[in-house]
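>>> The sequence and its predicted three-dimensional model are supplied below.
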Amino acid sequence: MTPSSTPTDIATTSASLIASNGSNGHNGSNGHNGANGHNGASTASTVQVRFPDRHEREMAQDEEWCEVAVDGELRRIRFHDYHEVYSIPTLYEHIFYERLECASPRTVRELLEQALRADGVDPASISALDVGAGNGIVGEELDDMGASTLVGIDIIEEAADAARRDRPELYNDYFVADLTDLSDGDRAALAAYRFNALTTVAALGFADIPPLAFAEAYNLVETPGWIAFNIKDEFLDKRDSSGFSRLIRRMLDEGTLVERARRRYQHRLSVAGEPLHYIAIAAQKTADVPLEWVRELEE
């Protein structure tokens, strides 16, 4: 990779400061209308972002960071500290999409849409659970695809606040909940949507979403259903012994999950400007995941 393709050290972005109506729990929101144009009044504030210097760039992907100056206050933020990233309007998009050229939401959506159309399924029939929904970038892709119902879930309250701030009419509902410890009320409310699809993008493999959380979300999708996700390519290597890798391999081997399309692609650049390759998968659910499988991973 040539030096010109390495992310520059300092950049300035205009951050939209939009009032949030954040509240705890899930938000029976304004209602998704299958259309673009999620608006919000905003004022601008200057945010400066500095990536590590060249001698600082040797680090694992889950340790990457940047320094952010917001109205004169300097903060170092790890990319995986999502509560901090989401608390600053437009910072997530600036880091991952403008600077590091993330392609995953579009790639996963395209793969899912390709699998749906190959099977003669109208995207308008999709009721999707967006796991690790963040501020709604993946949901926006599903909206563009034509999905009729979109429900987001994230464990981070700041993610829900950011979704309401940045895309206030995107989701029919948004839950702030721990999928490994759902309340009876949240479980019943989620089940009432009768999901026939699940998406999770850039959230698997680094312990952001543990295997049990994925299994619980998966089991909220009706059978047959559609599952679309991505993961760093090395996590699907047979030599990888992490819990999620072993769970996915068992699901595929047992036929609980039937792969319909796969694509290896450049997820984004690292802070050093090197390509990070992921695998996107679109698959059909044929049965629930026995939770005993997950418990066996913990033994």
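Received, thanks.
>>> Could I get the phi/psi values of residue 157?
phi -60, psi -40 (degrees, to the nearest 10).
>>> Measure how buried it is and give me the count.
15 (other Cβ atoms under 10 Å). Every C-beta, even on glycine, is put in place using the N, C-alpha and C of the backbone.
>>> who touches the spatially most central residue of the chain in this structure?
For the chain, the residue whose C-alpha lies nearest the mean C-alpha position (Cα atoms, centre = their mean) is residue 201; its distance is 3.7 Å. For residue 201, the contacting residues are 104-105, 108, 132, 138, 229-230, by Cβ atoms under 8 Å, 6 or more residues apart in numbering.
>>> per-residue confidence for it?
We note a pLDDT of 94 for residue 201 in this prediction.
>>> Residue ranges in the stretch 151-299 of the chain under the pLDDT threshold?
Using pLDDT under 70 as the threshold, the predicted model of the stretch 151-299 of the chain has low-confidence ranges 205-208, 299.
>>> Which ones among the contacts of residue 201 lie within helices?
If you go by DSSP state H, the contacts of residue 201 have 104-105, 108, 138 in helices.
>>> Pull out the buried positions in stretch 248-257.
By neighbour count, and taking 16 or more other Cβ atoms under 10 Å as the criterion, the buried residues in stretch 248-257 are 248, 250-251, 256-257.
>>> Closest one to residue 221 out of the residues you listed, please.
Nearest to residue 221 out of these is residue 257 (Cβ to Cβ; 10.8 Å).
>>> how far away is the nearest residue to that closest one once chain neighbours are set aside from residue 240?
In this structure, residue 257 finds its nearest non-sequential neighbour in residue 251, 4.1 Å apart by Cβ to Cβ, 6 or more residues apart in numbering. For residue 251, the distance to residue 240 (Cβ to Cβ, to the nearest Å) stands at 15 Å.
>>> What of residue 79?
Spatial separation of residue 79 from residue 240 under the definition Cβ to Cβ is 21 Å.
>>> For the longest strand along the chain, which strands pair with it and how are they oriented?
The longest strand of the chain (DSSP state E) is strand 257-269. On the basis of DSSP bridges, the sheet neighbours of strand 257-269 come out as strand 275-285 (antiparallel).
>>> Include neighbour count and distance to residue 281 when you put the contacts of residue 201 into TSV, please.
Shown next, in TSV, are the contacts of residue 201 (neighbours: other Cβ atoms under 10 Å; distance: Cβ to Cβ, whole Å):
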residue	neighbour count	distance to residue 281
104	23	12
105	22	15
108	26	9
132	25	16
138	27	15
229	28	6
230	25	7
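>>> Just the closest of these to residue 269, please.
Taking Cβ to Cβ as the measure, residue 269 sits nearest to residue 104 out of the contacts of residue 201, at 12.3 Å.
>>> Enumerate every residue touching the closest one.
The contact partners of residue 104, taken as Cβ under 8 Å, 6+ apart, are 201-202, 230, 267-268, 278, 280.
>>> where exactly do the helices run in the chain?
Assignment of helices within the chain using DSSP H yields the ranges 82-87, 91-93, 104-118, 137-145, 157-166, 184-191, 211-218, 243-254, 291-297.
>>> And the fourth one, what does it pack against?
To tie it back to what came earlier, the one meant is helix 137-145. The elements that helix 137-145 packs onto, with contact taken as 3 or more Cβ pairs under 8 Å, 6 or more residues apart in numbering; DSSP states H and E, are helix 104-118, strand 127-131, strand 149-154.
>>> which one of these lies closest to residue 196?
The closest approach between residue 196 and any of the helices and strands packed on helix 137-145, judged by Cβ to Cβ, belongs to strand 127-131 at 5.4 Å.
>>> buried sites along that closest one?
For strand 127-131, the neighbour count (16+ other Cβ under 10 Å) marks 127-131 as buried.
>>> In CSV, could you pull the C-alpha coordinates for stretch 123-139?
Extracted in CSV, the C-alpha atoms of stretch 123-139 (Å, rounded to 0.1, in the frame of the first residue of the first chain):
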residue,chain,number,x,y,z
PRO,A,123,-37.3,-7.7,0.6
ALA,A,124,-40.6,-5.9,1.6
SER,A,125,-41.6,-9.1,3.5
ILE,A,126,-38.6,-8.8,5.8
SER,A,127,-39.0,-8.1,9.5
ALA,A,128,-35.4,-7.7,10.7
LEU,A,129,-33.7,-7.7,14.1
ASP,A,130,-30.6,-5.6,13.9
VAL,A,131,-28.2,-6.8,16.6
GLY,A,132,-25.6,-4.4,17.8
ALA,A,133,-27.5,-1.7,15.9
GLY,A,134,-25.5,1.2,17.0
ASN,A,135,-26.6,4.5,15.5
GLY,A,136,-28.5,2.8,12.6
ILE,A,137,-26.1,2.6,9.7
VAL,A,138,-26.9,-1.1,9.0
GLY,A,139,-30.6,-0.3,9.6
